[in-house]
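Asks: A predicted structure for the sequence below; I have some questions about it.
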Amino acid sequence: MENKFKNKYKISSTRLQNWDYGWNASYFVTINTKNRVPFFGEITNKKMQLSTIGEIANVFWLEIPQHFPFVKLGEFIIMPDHIHGVITIDKPYAENDKIALAKENTKTKGQQRFQNQGENTLSSIVGSFKSVVTKHAHKINSKFKWQPLFNDKIIPNKEAYKNIAAYIKANPSKWKQGKDKAAPCLSQKQGDALLWNKGYTIENAVEKFTVGNDRALDMAIAQYDLLASKAHTNMLCSIGIISKSERSQLITELNILLQQVEDGSFIIEEAFEDVHSKIEYELTKKLGDAGKKVHTGRSRNDQVLVALHLNLKDEIVAFKQGVESLFSQLQELSEQYKEVLIPGYTHMQVAMPSSIGLWLGAYAELLIDDIHFLNAAYKVADQNPLGSGAGYGSSIPLNRTQTTKELGMATLKFNSVAAQLSRGKLEKAVSFAMASVASTLSRLAMDVTLYMNENHGFISFPKELTTGSSIMPHKKNPDVLELVRAKCNKIQALPTELTLITNNLPTGYHRDYQLLKESLFPAITSLKDCLDITGFMFSHLEVNESVILDSKYDLVFSVEAVNKLVNDGIPFRDAYQQVGKQIEEGNFVPNKKPVHTHEGSIGNLCNLEIKEKFRKAMEG
């Protein structure tokens, strides 16, 4: 996300990455775009320097509220010597734009302000900050609009200040004073944002290593976690765990989050381990105790499982649609070029007559086998694990049949242990189906790279779809198909990779499973890309319709000569030896208009029958 944001806004400074929570600091202002992507600006006596998003930005934007759980995220935050508000950017920040704001020296005042740790101290800080902003508001570039933070709508009365003062007074160890001592910040990702929080912090190195790339990967299942949460919420209401009013509020907020996922504004910040903790945080922030009830009868184990099941069902449908599109395209080309003969090969040597129609029709029919694999994987995915909890069920009287129906799944994964054991098996089932599709695409791509070679010249593509060489001006390289071949070969290794991650794990959940997403999700994207680009390339296929007339392919028709003698009544072995002698003596004359009539031959491709076969396979 950092690079994407950095490129969009042309921001290069990262000098605040190693910023320390010490007493020597200026005011800091969090700048928040319409997409709610945070970064920092430091108000100095000269100019506000903008910094890219990164760990420190997320720390400020998301972690500091841990100190003040009653303060809504993004509205206002007060630290011992740091105050930050929100500026809404109406249009992208350009590198040459500057914001001139004044600095109020807090180096000495900051140490004094929190000596008493009382209401007046905090009120003074807020008032002081308001004065600075108001005084220098006219200096703010017109592209930026200051959003007031300290008004009655956000802080309704002085009780908020009292709460802050009381919290600080009750937790003096968190506010160590002294010029050389930092004012520590209890990271929110080590606090409320951890669903398993038990009141203590964890080492940052451990947190970083265990979370890994989960936040980015979980964006793929955010929609499905929300859908499962809706079904779970309705079920909890039906068994009396939450009220109808709470159910209505929760469904409304879940739908809002779903809309954010759809429009791309939903993000999982670094304060959160995963999508599950992010969603629960948002619900609790908006609805309080009602949000805290959503996790009743669930574990993150069955949360991620049901999200994966739902996600992979949709991905399999997408694969089938991609395969169907390519199938139709290959069949159409097969019919169009069924009369165009090309040599067939065995052992990479010219063998017998083939045709463009037979070649492309072959790959179309192979895709049916891939559909069977996808259908099998779909049946594995179409089982509901929600309600299995951590793998051993729950004493909450859950109605798992209700959630199964609401989620549109074919059946339950009844046994709770079996549900948890399906983690890894589900991903492997899908990976085997993906590998089947990838195998077909890889071999087709290999054929294309071979057949468009100058030594073959059966097919070609417009020059715009090929690449050149930095040294050889004549080159038109099939880079697209070569990459399809490589990517699909990589996907064919996926089942082995997933097997080695999960092989021989004992019953129960293990963190090993987290790595499955790192392998599977990128492969899903890659396979869909390969299907799309293969179809795109074949929509521009150019065919050499006279290739078979080249004399170097005369011997391709030797078997045709043998079969003609057989049809005239000569025993096959005698006919074979007779034609072989003609070839050795150099007087073989080919008939380049062979007649094939049986099913699946160059004269009878059976494309209609194959089309019907594909239709039935698609129905599962």
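Replies: Happy to help now that I have it.
Asks: how about low-confidence regions in the chain?
Replies: For the chain, residues meeting the criterion pLDDT under 70 lie at 1-204, 207-208, 210-212.
Asks: separation between the residue lying closest to residue 620 once chain neighbours are set aside and residue 525?
Replies: Of all residues not flanking residue 620 in the chain, residue 375 sits nearest, at 4.5 Å (C-beta to C-beta, 6 or more residues apart in numbering). For every residue, glycine as well, the C-beta is placed using N, CA and C. Computed as C-beta to C-beta, to the nearest Å, the residue 375 to residue 525 distance reads 22 Å.
Asks: those two: which has the busier surroundings?
Replies: Comparing residue 375 with residue 525 by other C-beta atoms under 10 Å, the one with more neighbours is residue 375, at 16 against 11.
Asks: can you give me the buried ones in the helix or strand hosting that one?
Replies: Using DSSP states H and E, residue 375 sits within helix 356-381. Within helix 356-381, the residues that qualify as buried are 356-368, 370-371, 373-378, 380-381, counting by 16 or more other C-beta atoms under 10 Å.
Asks: same question for stretch 239-250.
Replies: Along stretch 239-250, the positions that meet the burial threshold by neighbour count (16+ other C-beta under 10 Å) are 241-242, 246-247, 249-250.
Asks: check stretch 376-395 too.
Replies: Buried residues in stretch 376-395, defined by neighbour count with 16+ other C-beta under 10 Å: 376-378, 380-389, 391, 393-394.
Asks: neighbours of residue 522, how many?
Replies: The local packing of residue 522 (other C-beta under 10 Å) involves 15 other residues.
Asks: ditto for the one 5 residues further on
Replies: Under the neighbour criterion other C-beta under 10 Å, residue 527 is assigned a count of 25.
Asks: and it, how far is that from residue 618?
Replies: Distance from residue 527 to residue 618, counting by C-beta to C-beta: 18 Å.
Asks: just residue 599 next, same as before
Replies: According to C-beta to C-beta, residue 599 and residue 618 sit 22 Å apart.
Asks: and those two? which has more neighbours close in?
Replies: Under the criterion of other C-beta under 10 Å, the comparison of residue 599 against residue 618 puts residue 618 first, with 16 against 8.
Asks: test my guess that the more buried one contacts residue 319.
Replies: No. The criterion here is C-beta atoms under 8 Å, and residue 618 misses it with residue 319 at 11.6 Å.
Asks: and the helices in the stretch 451-600 of the chain?
Replies: Counting by DSSP state H, counting those that start in this stretch, one finds helices in the stretch 451-600 of the chain at the ranges 479-492, 494-502, 514-538, 558-567, 572-585.
Asks: reformat those as TSV; add distance to residue 263.
Replies: Written out in TSV, the entries for the helices of the stretch 451-600 of the chain read as follows (distance: least, C-beta to C-beta, whole Å):
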stretch	distance to residue 263
helix 479-492	30
helix 494-502	31
helix 514-538	20
helix 558-567	62
helix 572-585	69
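Asks: select, out of these, the one closest to residue 264.
Replies: Evaluated with C-beta to C-beta, these place helix 514-538 nearest to residue 264, the distance being 16.4 Å.
Asks: elements contacting the closest one?
Replies: Counting contacts by 3 or more C-beta pairs under 8 Å, 6 or more residues apart in numbering; DSSP states H and E, helix 514-538 packs against helix 214-218, helix 300-336, helix 425-451, helix 479-492, helix 494-502.
Asks: between helix 494-502 and that helix, find me the angle.
Replies: Comparing the axes of helix 514-538 and helix 494-502 via axes from the mean of the first three to the mean of the last three C-alpha atoms, to 10 degrees yields an angle of 170 degrees.
Asks: where's the residue nearest to residue 356 when sequence neighbours are not counted relative to residue 603, distance?
Replies: The shortest distance from residue 356 to any non-neighbouring residue, by C-beta to C-beta, 6+ apart, is to residue 337 (3.7 Å). Residue 337 sits 14 Å away from residue 603, going by C-beta to C-beta.
Asks: please apply the same query to residue 309.
Replies: When residue 309 is compared with residue 603 (using C-beta to C-beta), they lie 47 Å apart.
Asks: who has more neighbours out of these two?
Replies: When neighbours are counted by other C-beta under 10 Å, residue 309 comes out ahead of the other of residue 309 and residue 603, with 25 against 15.
Asks: what's around the closest residue to residue 377 other than its chain neighbours, how many residues?
Replies: Closest residue to residue 377 in three dimensions, ignoring its sequence neighbours and counting by C-beta to C-beta, 6+ apart: residue 433, at 4.1 Å. Using other C-beta under 10 Å as the criterion, residue 433 is surrounded by 26 other residues.
Asks: I figured residue 366 hits residue 440, correct?
Replies: Yes. With contacts defined as C-beta under 8 Å, residue 366 counts as touching residue 440 at a distance of 4.9 Å.
Asks: nearest to residue 444, out of the helices of the stretch 451-600 of the chain?
Replies: Comparing these by their distance to residue 444 (C-beta to C-beta), the top pick is helix 514-538, with 7.1 Å.
Asks: so that closest one versus helix 300-336, what angle?
Replies: In this structure, helix 514-538 runs at an angle of 20 degrees to helix 300-336, with the same axes, to 10 degrees as the basis.
Asks: give me the contacts around the one helix or strand residue 253 maps to.
Replies: Taking DSSP H and E as the criterion, the element that holds residue 253 is helix 244-263. Applying C-beta atoms under 8 Å, 6 or more residues apart in numbering, the external contacts of helix 244-263 come out as 222-223, 226-227, 229-230, 233-234, 236-237, 242, 266, 279, 282-283, 286-287, 290-291, 293-294.
Asks: how about 10 Å then?
Replies: Under the criterion C-beta atoms under 10 Å, 6 or more residues apart in numbering, residues 35-36, 219, 222-230, 232-238, 241-243, 265-267, 275, 278-279, 282-283, 285-291, 293-294 lie in contact with helix 244-263.
Asks: endpoints of stretch 582-594, how far apart?
Replies: The straight-line separation of the ends of stretch 582-594 (C-alpha to C-alpha, to the nearest Å) is 19 Å.
Asks: likewise stretch 283-298?
Replies: Chord length of stretch 283-298, first to last residue, is 16 Å (C-alpha to C-alpha).
Asks: over to stretch 349-362?
Replies: Stretch 349-362 has an end-to-end distance of 19 Å (C-alpha to C-alpha).
Asks: now do stretch 214-226
Replies: Taking C-alpha to C-alpha, the span from the opening residue of stretch 214-226 to its closing residue is 17 Å.
Asks: please apply the same query to stretch 393-402.
Replies: In terms of C-alpha to C-alpha, the two terminal residues of stretch 393-402 are separated by 16 Å.
Asks: which residues does that stretch contact?
Replies: Applying C-beta under 10 Å, 6+ apart, the set of residues contacting stretch 393-402 from outside is 231-232, 234-236, 238-241, 296-299, 302, 384-389, 405, 411-417, 419.
Asks: same thing but at 6 Å, please
Replies: If you take C-beta atoms under 6 Å, 6 or more residues apart in numbering as the criterion, stretch 393-402 is touched by 235, 239, 297, 387, 412, 416.
Asks: same question, stretch 289-309
Replies: Counting contacts by C-beta under 6 Å, 6+ apart, the residues outside stretch 289-309 that touch it are 221, 224-225, 228, 236, 241-242, 246, 249-250, 276, 283-284, 381, 385-386, 388-390, 394, 396, 398, 423, 509.
Asks: just the terminal-to-terminal distance for that stretch.
Replies: Stretch 289-309 has an end-to-end distance of 29 Å (criterion: C-alpha to C-alpha).
Asks: one more: stretch 545-557?
Replies: End-to-end distance of stretch 545-557 (C-alpha to C-alpha): 17 Å.
Asks: identify each buried residue in that stretch, please.
Replies: In stretch 545-557, counting by 16+ other C-beta under 10 Å, buried: 547-548, 553-557.
Asks: do the same with stretch 477-494
Replies: Buried residues in stretch 477-494, counting neighbours by 16+ other C-beta under 10 Å, are found at 478, 480-481, 484-485, 487-492, 494.
Asks: can you say which two of the contacts of stretch 393-402 are spatially most distant?
Replies: When those are compared pair by pair using C-beta to C-beta, the farthest-apart members prove to be 239 and 416, with a separation of 17.4 Å.
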